[in-house]
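**Student:** Here you go, sequence then predicted model.
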Amino acid sequence: MTSVRGRWSRDYGDGRGWLQGAPPPRWVRVLPVLLLAVVAVATLVSPDGHDFGFLLGAIPPLAVLSYGPLATAVLSCLVVLLLNVPATHLNHPGDTDLLTVTFVALLSVFVSYVRSHRDAQLVTERAVGEAVQRAVLPPLPERVGSVGCTGLYRAAQHGTLVGGDFFDVRDGPYGVRAVMGDVRGHGLAAVSTVVSLLGAFREAVLDEPDLESVAARMDRRLTVDSADVPNGELFATALLLEFSADLRSVRVVACGHPAPVLLRDGLAQELAVAPGAPVGLALSGVEPPKEVTVELGPGDRLFIASDGVWEARDRTGGFYPLPERLAGFAGAEPAELTERVWADLVRHHEVRDDATMLILAPDIG
């Protein structure tokens with residue numbers, strides 16, 4: 001992800017800089033060629049051209065940052081040739097240590113060869129990693145049944161597309177159902193738990209007649225998985241939704257997860273839900289989460305966000321006022337709305353966890 005499911009980034013929108021594996025910026029590629037040209041011109045027009053000779057030794061190492069071994073070798077040969085052109089005044093013994101520059105040039109070609117092969121391997125490994133992560137959280141379709149879907153996912157761990165948050169929307173025999181969850185921990189260490197929960201949800205959507213049973217299925221899955229982990233405790237908050245056949249109501253089950261925000265007529269209101277225990281704890285004596293039904297009208301949209309959004313803090317320690325901000329952005333289209341909330345969030349608050357947003361827009365006639 002940029003981590004927008006349905007709009008997977010191909011332009012390194014995951015926050016990586018060129019020192020973390022992204023291609024170097026253009027100025028880095030131009031720098032060794034520009035430096036070579038500047039030194040060549042300066043030595044030709046200046047009677048004291050040898051004063052610029054030391055700069056030539058920096059060109060081969062600079063070429064290593066952005067060029068392959070062939071281009072690095074060409075630039076290195078140009079440097080050595082420039083040192084031996086009489087008109088540059090650099091060919092006098094003692095002016096420039098030709099052997100040292102030649103050695104640096106050869107070493108730079110070797111380093112460039114190693115780097116280019118290492119980069120190719122990293123690109124392959126990253127492509128495999130992205131394919132695996134896309135299999136865990138495939139792109140979210142624009143519509144599931146008669147419900148429009150827009151999602152945004154920003155993983156806390158840089159360079160990853162999937163972390164500890166997850167969401168999915170599925171159509172089944174009991175209507176369109178959606179889930180958003182946040183497992184204990186974040187980053188790649190939480191992915192296996194995400195896989196278990198999504199698998200349980202996708203099966204339960206087809207089998208279970210009500211949301212409480214879907215939540216119980218997910219709870220059982222984590223309870224069983226936790227039993228196989230020494231000193232392990234797997235749990236997750238989750239929010240489950242189910243739209244009625246006519247889309248004029250939605251049933252909500254909250255398992256320790258923040259409630260949805262209803263966007264209606266330019267207003268944003270956090271829904272009152274019956275809070276339940278997170279899935280995976282299997283707490284004896286604790287009542288299962290209760291289902292709450294909310295009536296919907298034409299144009300209504302549901303905005304769901306993970307803890308990473310709700311619990312982002314500003315410099316004073318205050319939480320991000322999501323409903324208040326949503327009211328100001330309520331007129332935006334779903335795709336634009338998620339981007340505007342994210343931009344506003346990171347501008348004034350520090351996000352320390354995976355941040356996930358999901359907008360569900362039922363097409364009510």
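**Tutor:** Thanks, I have the structure now.
**Student:** right, and Gly256 touches Thr237 too?
**Tutor:** Yes. Gly256 sits in contact with Thr237 when judged by CB atoms under 8 Å, with a separation of 3.9 Å. Every residue, glycine included, has its C-beta placed from N, CA and C.
**Student:** So between those two, which is more surrounded?
**Tutor:** Between Gly256 and Thr237, counting by other CB atoms under 10 Å, Thr237 is the more crowded of the two (23 against 20).
**Student:** doesn't Pro278 make contact with the more buried one?
**Tutor:** Yes. The criterion here is CB under 8 Å, and Thr237 meets it with Pro278 at 4.9 Å.
**Student:** Are there residues contacting both of the two? Which ones?
**Tutor:** Each of 255-257 lies in contact with both Thr237 and Pro278 under the rule CB atoms under 8 Å, 6 or more residues apart in numbering.
**Student:** which one of those is nearest Ala63?
**Tutor:** When these are compared for distance to Ala63 (CB to CB), His257 comes out closest, at 52.1 Å.
**Student:** ok, that closest one - contacts?
**Tutor:** Taking CB under 8 Å, 6+ apart as the criterion, His257 is in contact with 180-182, 237-239, 278, 306-307.
**Student:** circling back to that earlier point, out of the shared contacts of Thr237 and Pro278, which is nearest to Ser76?
**Tutor:** Nearest to Ser76 among the shared contacts of Thr237 and Pro278, counting by CB to CB, is His257 at 58.7 Å.
**Student:** All the helices of the stretch 101-250 of the chain, in order from the start?
**Tutor:** Secondary structure of the stretch 101-250 of the chain, counting by DSSP state H, counting those that start in this stretch: helices at 191-207, 211-227.
**Student:** Any idea which of the ones you listed gets closest to Val28?
**Tutor:** Proximity to Val28, assessed across the helices of the stretch 101-250 of the chain by CB to CB, is greatest for helix 191-207 (33.5 Å).
**Student:** Export that closest one to CSV, keeping only CA atoms.
**Tutor:** Once non-C-alpha atoms are left out, helix 191-207 reads as follows in CSV (Å, rounded to 0.1, in the frame of the first residue of the first chain):
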residue,chain,number,x,y,z
VAL,A,191,0.1,-10.8,9.5
SER,A,192,-0.4,-14.5,10.4
THR,A,193,-3.2,-13.4,12.9
VAL,A,194,-4.7,-11.3,10.2
VAL,A,195,-4.8,-14.3,7.8
SER,A,196,-6.5,-16.4,10.4
LEU,A,197,-9.2,-13.8,11.1
LEU,A,198,-9.9,-13.0,7.5
GLY,A,199,-10.2,-16.7,6.7
ALA,A,200,-12.7,-17.2,9.6
PHE,A,201,-14.7,-14.2,8.5
ARG,A,202,-14.9,-15.2,4.9
GLU,A,203,-16.1,-18.7,5.8
ALA,A,204,-18.6,-17.5,8.4
VAL,A,205,-20.1,-15.0,5.9
LEU,A,206,-21.4,-18.0,3.9
ASP,A,207,-22.4,-20.1,6.9
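**Student:** Pull out the buried residues from it.
**Tutor:** Judged by neighbour count (16 or more other CB atoms under 10 Å), helix 191-207 contains these buried residues: 191, 193-198, 200-201, 204-205.
**Student:** what bits of the stretch 251-365 of the chain have low per-residue confidence?
**Tutor:** 282-286, 365 (pLDDT under 70).
**Student:** Then the stretch 51-200 of the chain?
**Tutor:** Across the stretch 51-200 of the chain, the stretches falling below the confidence threshold (pLDDT under 70) are 51-53, 87-96, 129-130, 133, 157-162, 185-189.
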